[in-house]
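Participant: quick check, what structure comes out for this input:
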Amino acid sequence: MEEGPIIRIEDIDKIYGEGVNALRVLKSVSLEIGAGEIVSIMGPSGAGKSTLLNLIGCLDGFNSGRLSILGRDISSCSVEDLAGFRNRHIGFVFQMHNLLPEFTALENVMMPLLIRRCSKKEAKKMAAAAIEQFNLGDRMHHRPSELSGGECQRIAVARAIVGEPDIILADEPTGNLDRENSRLLTDIIFSMGREKRITIVVVTHDREIAGRTERTITLVDGNIVNV
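Facilitator: Down below sits the predicted model:
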């Protein structure tokens, strides 16, 4: 684990479209996030929150500026390098659980490990252990359609953490859950982050969730207005 900032964003601009249709979504954004820090990103719809999260997750490019993650200059990486980097160092949790419907919960959680070319036996063992942490051992052979929304989101978090990432990025992870399941899921994510010293960045509209993080970054119209 790196000491100090493991996410360093310097003067990043992100523009969609060209000419008169160009939309500058992020405007000279600069930000540092430390190892093991739990941070929330808030702001009105269209402020650029998900765009910023996608950049940190190496899912999208940018027009100018510099992005460094775990000391690695992301702009110099090939598409293939970025895919491998994401798989080993970054876990994702989205508002929609994005589980593959044709696979069981266990198989869904195994997927990142199989992509990493772990043996099927080892991937199954690690995935089962991750699912057990969420008290869903009796549900691991069920497909997503046979699980509740809260169970699907917990399986999605198990998939995000099974490869022991340095960073977890969560985009409105409780947006489709009721208050009880929302609190349960954030309890799990935050306690796991603190226990394993994982850096967590969560985009949320929920002030209760943001209030439980160590720092809230507010985006308005593509600008950071507080850190």
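Participant: who touches the helix ranked longest in the chain?
Facilitator: Across the chain, the longest stretch assigned as helix under DSSP state H is helix 179-196. Helix 179-196 is touched from outside by 36, 38, 93, 133-134, 149-150, 153-154, 157, 161, 164, 168, 170, 173-174, 177, 198-200, 202, 206, 209, 212-213, with contacts defined as C-beta atoms under 8 Å, 6 or more residues apart in numbering. Where you see a C-beta, it was placed from the backbone N, CA and C, and this is true even at glycine.
Participant: which parts of that helix are buried?
Facilitator: Buried residues in helix 179-196, counted by 16 or more other C-beta atoms under 10 Å: 181, 182, 184, 185, 186, 188, 189, 190, 192, 193.
Participant: same deal with stretch 104-117?
Facilitator: So, applying 16+ other C-beta under 10 Å, buried residues of stretch 104-117: 104, 105, 106, 107, 108, 109, 110, 111, 112, 113.
Participant: so what does the last one have for phi and psi?
Facilitator: Phi and psi for residue 113, reported as degrees, to the nearest 10, are phi -70, psi -40.
Participant: neighbours of the closest residue to it other than its chain neighbours, how many?
Facilitator: With sequence-adjacent residues excluded and distances taken as C-beta to C-beta, 6 or more residues apart in numbering, residue 113 is closest to residue 123, at 3.8 Å. If you count neighbours by other C-beta atoms under 10 Å, residue 123 ends up with 23.
Participant: ok so residue 123 is a helix residue?
Facilitator: Yes: with DSSP: H, G, I helix; E, B strand; the rest coil as the criterion, residue 123 is part of a helix.
Participant: okay but it is in contact with residue 110, surely?
Facilitator: Yes: using C-beta atoms under 8 Å, residue 123 makes contact with residue 110 at a distance of 4.4 Å.
Participant: residues contacting the residue positioned nearest the centre of the chain?
Facilitator: Nearest to the geometric centre of the chain sits residue 169, at 1.7 Å (C-alpha atoms, centre = their mean). Residue 169 sits next to 53, 56, 57, 90, 91, 92, 93, 200, 201, 202 when contact means C-beta under 8 Å, 6+ apart.
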